[in-house]
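# One predicted model, sequence on top.
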Amino acid sequence: MNLFREIREDILAELAAMMQEGALPAGLSLDNVAVEPPRDPAHGDMASNAAMVLARPAAMKPRDIAAALAQRLEGHARIARAEVAGPGFLNLRLAPEVWGELVEAILAAPDAYGRSRMGRGQRVNVEYVSANPTGPLHVGHSRGAVFGDALAALLEYSGHEVTREYYINDGGAQVDVLARSVYERYREALGHAPEIGEGLYPGDYLVPVGKALAEKVGSRWLGQPEEVWLAEVRAFAIEAMMRLIREDLALLGVEMDNFFSEKSLYDSGRIEAAIEALREQGLIYQGVLEPPRGKMPEDWEPREQTLFRSTAHGDDVDRPIQKSDGSWTYFAPDIAYHFDKISRGFDRLVDVFGADHGGYVKRMKAAVSALSGGKVPLDIKLIQLVRLFRDGEPFRMSKRAGNFITLRDVVERVGADVTRFVMLTRKNDAPLDFDLARVLEQSRDNPVFYVQYAHARVRSVMRKAEAAGISPGAPLIEDAAEVTLAKKLAEWPRLVEIAARGHEPHRIAFYLYELASDFHALYNRGNDRPELRFLQDDAAATSAKIALPLAVSIVISAGLGILGVTPVEEMR
């Protein structure tokens, strides 16, 4: 049941009838007609912009359209009153029995309520984390991991077929640096002082990797030149780092469907095939780029290079894909990787990048647009920094990692559920302050606790009712606080579609906090008004009262499921 959609369909039906009868011009587009919660709850239960969006194409006054529509809608059983407001907005007040019917619908199909067919089976690739395989995941990666995982779950909940993907950056110079760093730890394991020079990775996490390498090959590579051991040490180190990364992701409850190796693109003809696809469109040419303004990027050189005409697809400047010496730029394998995604038949692509990749957005969108003929949209979500605090003071660096705070540091201190929820309490493009002490407080100021406490309160009520042999019956929703809570439940299906359409899983966290707030308000109201308590002396009254909180717990559980957070049965 999607109450907002159903009322919108009622409005669209009346508008179609008005066109058929001549009260409105025929052929008007109704696509932009919306039904949403009013900004001020005092104005009603729902509001529609129908008259406002139709006035100009109909060459009519919006209030005239709204008045005629209001008169027709008041004949509907679920609409108690339709009122024209302001320049032509339509405010609707629903019949009181609608809220009980809503709760009954939620209890009748708890797993289905809020789910949407909006995606209609569209295949979506969500790529996230994709950290260099050179060390453990840090706290910044955890935000991208949580965001990407919650977005993937949200898209699945709204009917999409989702692939969660991790792009292993194992084809660049950083993995050679990793191999050299591991080699020094290998020497250390064999009794030699490691030479961790500038540019190598100093973290202690490589000590066990070096030890494992020594146990595997013994002293065979001691004193040998780099060309003897580099390739094998690199492969060994990458495998070890990816095991560590998988373990870190598992701590956070993140499971990938696919790990894609950048290295697999080289020497396989796949980069060449992607570039050739662009060349066939006349988008590859030889040229010299103008010097960029500001900071000079690494891939710019004042010589003739092979360039991608990305400006033909919305970029600011054309981009180099091959240097004058014939080697590929960093952009070339990224083009090939996205060409591979398109070739796998995905209808939509989502990339979750760190904020430092903002300069890559336009060029990647241009490449995907060109390679797909504009048929596969790419949405790139940038994840801003996480600032870690404890009791209001900046949290110290991790010795194990060398120069950053690891994901493991955070999860081991506060738990995966808290970490995941807090990471979604701000929009992805806004910085996030994460206080390790405050997120464990049991107060309204802690959104994790506040939402979990609402679910636990409902479960406590239901355990007591079940112990008394009482099950939910026909809902009794009369008090203003009960109606407010039911209205918030009605918003859930609409909210899911808005969040999924905008790729904004933080909206789920915000909604859950608001739902919990309305629930706690009703619960506390029972302290002063015993007739509002869920558990009554009379079994029939209890049966009617527990239906609403049970519906709340169903929606909270569904929302937490999207966020990857386990709803608690009781608070300790």
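Ah, there it is. Residues are numbered from 1 along each chain as shown.

# From the chain's centroid, how far away is the worst-scoring helix or strand of the chain on mean pLDDT?
Least confident helix or strand of the chain, by mean pLDDT, DSSP states H and E, is strand 393-394 with a mean of 83. Offset of strand 393-394 from its chain centre (CA atoms, centre = their mean, to the nearest Å): 28 Å.

# and for it, what are the contacting residues?
By CB atoms under 8 Å, 6 or more residues apart in numbering, the list of residues contacting strand 393-394 from outside reads Arg387, Leu388. For glycine as for every other residue, the C-beta is placed from the backbone atoms N, C-alpha and C.

# Note down every partner strand of that strand and its orientation.
Strand pairing for strand 393-394, using DSSP bridges, gives strand 386-390 (antiparallel).

# Mind listing what's buried along the helix or strand immediately after the least confident helix or strand of the chain in the chain?
The helix or strand immediately downstream of strand 393-394 is helix 407-414, counting by DSSP states H and E. Going by neighbour count (16 or more other CB atoms under 10 Å), the buried part of helix 407-414 is Leu407, Arg408, Asp409, Val410, Val411, Val414.

# mind listing the strands for the stretch 251-400 of the chain?
Secondary structure of the stretch 251-400 of the chain (DSSP state E, counting those that start in this stretch): strands located at 258-261, 284-287, 305-308, 319-322, 348-354, 378-383, 386-390, 393-394.

# how about the strands of the stretch 401-550 of the chain, start to end?
Secondary structure of the stretch 401-550 of the chain (DSSP E, counting those that start in this stretch): strands at 432-435.

# any low-confidence regions in it?
For the stretch 401-550 of the chain, applying pLDDT under 70 flags the ranges 401-403.

# do the stretch 101-250 of the chain as well
For the stretch 101-250 of the chain, no stretch is flagged by pLDDT under 70.

# residues contacting Asn91?
Pro38, His43, Gly44, Met46, Ala47, Ala82, Glu83, Val84, Ala85.

# Please name the nearest non-neighbouring residue to it.
Residue nearest to Asn91 in three dimensions, not counting chain neighbours: Gly44, with 3.8 Å by CB to CB, 6 or more residues apart in numbering.

# Isn't that neighbour up against Val84?
No: counting by CB atoms under 8 Å, Gly44 stays clear of Val84, with 11.4 Å between them.

# rewinding a little: which of the strands of the stretch 251-400 of the chain sits closest to Gly22?
Nearest to Gly22 among the strands of the stretch 251-400 of the chain is strand 348-354; the distance by CB to CB comes to 41.7 Å.

# if we can go back for a sec, comparing the strands of the stretch 251-400 of the chain, which comes out most buried?
Stretch with highest mean neighbour count among the strands of the stretch 251-400 of the chain: strand 319-322 (a mean of 24; mean count of other CB atoms under 10 Å).

# show me the contacts for the residue nearest the centre of the chain.
Geometric centre of the chain, nearest residue: Leu151, 2.8 Å, by CA atoms, centre = their mean. Neighbouring residues of Leu151 by CB under 8 Å, 6+ apart: Val126, Tyr128, Val350, Val352, Lys381, His503, Pro505.

# What about the closest residue in space to it that isn't next to it in sequence, how many residues nearby?
With sequence-adjacent residues excluded and distances taken as CB to CB, 6+ apart, Leu151 is closest to Pro505, at 5.0 Å. Using other CB atoms under 10 Å, Pro505 has 27 other residues around it.

# Tell me which residues touch the closest residue to Asp379 other than its chain neighbours, please.
Leaving aside its chain neighbours, Asp379 sits nearest to Val350 (5.0 Å; criterion: CB to CB, 6+ apart). By CB under 8 Å, 6+ apart, Val350 lies in contact with Val124, Asn125, Val126, Glu127, Gly148, Leu151, Leu378, Asp379, Ile380, Lys381, His503.

# ok, of these, which one's closest to Leu512?
In terms of CB to CB, no member of the contacts of Val350 lies closer to Leu512 than Leu151, at 16.0 Å.

# following the strand or helix carrying the closest one, which helix or strand comes up?
For Leu151, the host element (DSSP H and E) is helix 139-157. Using DSSP H and E, the helix or strand that follows helix 139-157 in sequence is strand 161-168.

# Tell me the strands beside that next one, with direction?
Partner strands and pairing direction for strand 161-168 (DSSP bridges) are strand 123-127 (parallel), strand 258-261 (parallel).

# Could you pull up the mean pLDDT of the last one?
Averaging the model's pLDDT scores along strand 258-261 yields 97.

# can I get the CA coordinates of that strand in CSV?
Presented in CSV, the C-alpha positions along strand 258-261 are these (Å, rounded to 0.1, in the frame of the first residue of the first chain):
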residue,chain,number,x,y,z
ASN,A,258,32.4,-8.9,-7.6
PHE,A,259,36.0,-7.9,-7.3
PHE,A,260,37.4,-6.5,-10.6
SER,A,261,41.1,-6.3,-11.2
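
# neighbouring contacts of it?
Residues outside strand 258-261 that contact it (CB under 8 Å, 6+ apart): Thr163, Arg164, Glu165, Tyr166, Tyr167, Ile168, Asp170, Gly171, Met242, Tyr337, Asp340.

# and if we set it to 7 Å?
For strand 258-261, contacts defined as CB atoms under 7 Å, 6 or more residues apart in numbering pick out Thr163, Glu165, Tyr166, Tyr167, Ile168, Asp170, Tyr337.

# Any idea how many residues pack against the fourth one?
To tie it back to what came earlier, the one meant is Tyr167. Counted with other CB under 10 Å, the neighbours of Tyr167 add up to 21.

# OK, contacts around it?
Residues in contact with Tyr167 (CB under 7 Å, 6+ apart) are Glu127, Ser130, Phe260, Glu262, Tyr337.

# Bridged to the first one, which residues?
So that's Glu127. Under DSSP bridges, the beta-bridge partners of Glu127 are Glu165, Asp351.

# One more: the third one?
In this structure, Phe260 bridges to Tyr167 when assessed by DSSP bridges.
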